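Q: structure for this input, please:
(one chain, ligands or ions: 2)
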Amino acid sequence: MLVNGLKLSLEGTGMVTLENVNRVYRMGDHKIHALKNVSLSLETGKLVVVLGPSGSGKTTLLNVLGAIDKCDGRITAGDLEITKLKKHQLTKYRREKCGFIFQFFNLLPVYNALENVEYAIELSSRMSRKKVTDQATEYLRRVGLYDKRYHFPSQLSGGEQQRVAAARAMAKNPELLLCDEPTGELSVKEGKQVLEIIQNMVKERKDVLTLLVTHNQKIAQIGDIVIRLRSGEVDSIEEQTPISAEQLSW
Ligand code: ADP
Ligand code: MG
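A: Ligands and ions are numbered 1, 2, ... in the order given. A predicted model of the protein is given here:
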């Protein structure tokens, strides 16, 4: 795959690496060190949970990986050095390679569910109109929302909106799936549905690296790997045998 002449394929090398990644926010004279010397090597096909209390740098970590935010240090994804890309290349990388699921869904309110998913596909690929609609419809079917595909976000529950957001993130076939507290606004029942969707995608797509941010230790049980962040630093990295999202309660 090419990003403005630069190759990006996580298949093959299957790795995303961070080397001495730092992110400092300056607020006048005040400095906030949101990420401190973070070095990680992450394999595709895994569900990586990033666990930490509020303010520990979880969102910042996802944002620098998804090129929403900048940082010092080095980040590579497959053959591509993200931290060397120019602005227009970063836009292309973000659009084509990264799927995002945010805490507050962030659907476009004037588009219905189908249009929200179609729009993401259109931005990330050059497919015929019909193919875009077929693919968007297929992903909405997968998340159990075929019957509600013409509903607007305001006509959907929080859990349904988040399932549309999951369909939107997955339908563009991303290489990185970045989920920031995706159950934060949902009931346990709705949250589990969303986590099951994410976990199923991880099982199906071995070429995708999925990061799931949470402050909830229970939810961390579904990860293949758990990275604990504390005050912007990696506190520990543990591999574990995940439990299925179905078995969770919190
Ligand atoms: P988490 O997602 O774990 O709650 P964040 O990554 O959002 O943590 O924030 C880490 C730290 O960086 C916090 O102290 C937060 O206030 C600060 N921070 C995050 N984004 C910004 C920003 N854009 N400007 C200034 N400070 C920020
Ligand atoms: Mg956060």
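Q: show me what from this protein comes close to ligand 2.
A: Applying CB under 5 Å from the ion, one finds that the chain approaches ligand 2 through 58-59. For glycine as for every other residue, the C-beta is placed from the backbone atoms N, C-alpha and C.
Q: ligand 1 contacts on the chain?
A: Within the chain, the positions near ligand 1 by CB under 6 Å from any ligand atom are 25, 27, 32, 34, 52, 54-60.
Q: outside of stretch 47-62, which residues touch it?
A: 23, 34-36, 38, 42, 68-69, 178, 180-181, 198-199, 202, 209-217, 219-220, 222-233, 235, 242 (CB atoms under 8 Å, 6 or more residues apart in numbering).
Q: kindly recompute the last result at 6 Å.
A: 23, 34-35, 42, 178, 180, 202, 210-213, 215, 220, 223-230, 232 (CB atoms under 6 Å, 6 or more residues apart in numbering).
Q: can you give me how far stretch 134-150 is from the chain middle?
A: Averaging C-alpha positions (CA atoms, centre = their mean, to the nearest Å) puts stretch 134-150 20 Å from its chain's average.
Q: buried residues, that stretch. List them.
A: Buried residues in stretch 134-150, counted by 16 or more other CB atoms under 10 Å: 135-137, 139-140, 142-143, 145, 148-149.
Q: show the buried residues in the contacts of stretch 47-62.
A: 23, 34-35, 42, 178, 180, 202, 210-213, 215, 220, 223-229, 232.
Q: now, the residues you listed that are in strands?
A: 23, 34-35, 42, 178, 180, 210-213, 225-229 (DSSP state E).
Q: beta partners for the spatially most central residue of the chain?
A: By CA atoms, centre = their mean, the chain has its centre lying nearest to residue 178, at 1.1 Å. In this entry, residue 178 is beta-bridged to residue 100, residue 211, by DSSP bridges.
Q: let me know the closest of the buried residues of stretch 134-150 to ligand 1.
A: Closest approach between those and ligand 1, by CB to the nearest ligand atom: residue 143, at 25.1 Å.
Q: just to revisit the earlier point, let me know whether the residue nearest to the centre of the chain touches residue 100 as I believe.
A: Yes. At 5.3 Å, residue 178 counts as touching residue 100 under the criterion of CB atoms under 6 Å.
Q: show residues contacting the longest helix anywhere in the chain.
A: The longest helix of the chain (DSSP state H) is helix 188-204. Applying CB under 6 Å, 6+ apart, the contact partners of helix 188-204 are 47, 143, 159, 162, 166, 170, 182-183, 210, 222, 245, 248, 250.
Q: need those in a markdown table with secondary structure and pLDDT, can you?
A: Output for the contacts of helix 188-204, formatted as a markdown table (DSSP: H, G, I helix; E, B strand; the rest coil; pLDDT from 0 to 100):
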| residue | secondary structure | pLDDT |
| --- | --- | --- |
| 47 | strand | 97 |
| 143 | coil | 98 |
| 159 | helix | 98 |
| 162 | helix | 98 |
| 166 | helix | 98 |
| 170 | helix | 97 |
| 182 | coil | 98 |
| 183 | coil | 97 |
| 210 | strand | 97 |
| 222 | helix | 98 |
| 245 | helix | 97 |
| 248 | coil | 95 |
| 250 | coil | 91 |
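Q: which one of the residues you listed sits closest to ligand 2?
A: Proximity of those to ligand 2 (CB to the ion) peaks at residue 182, which lies at 11.5 Å.
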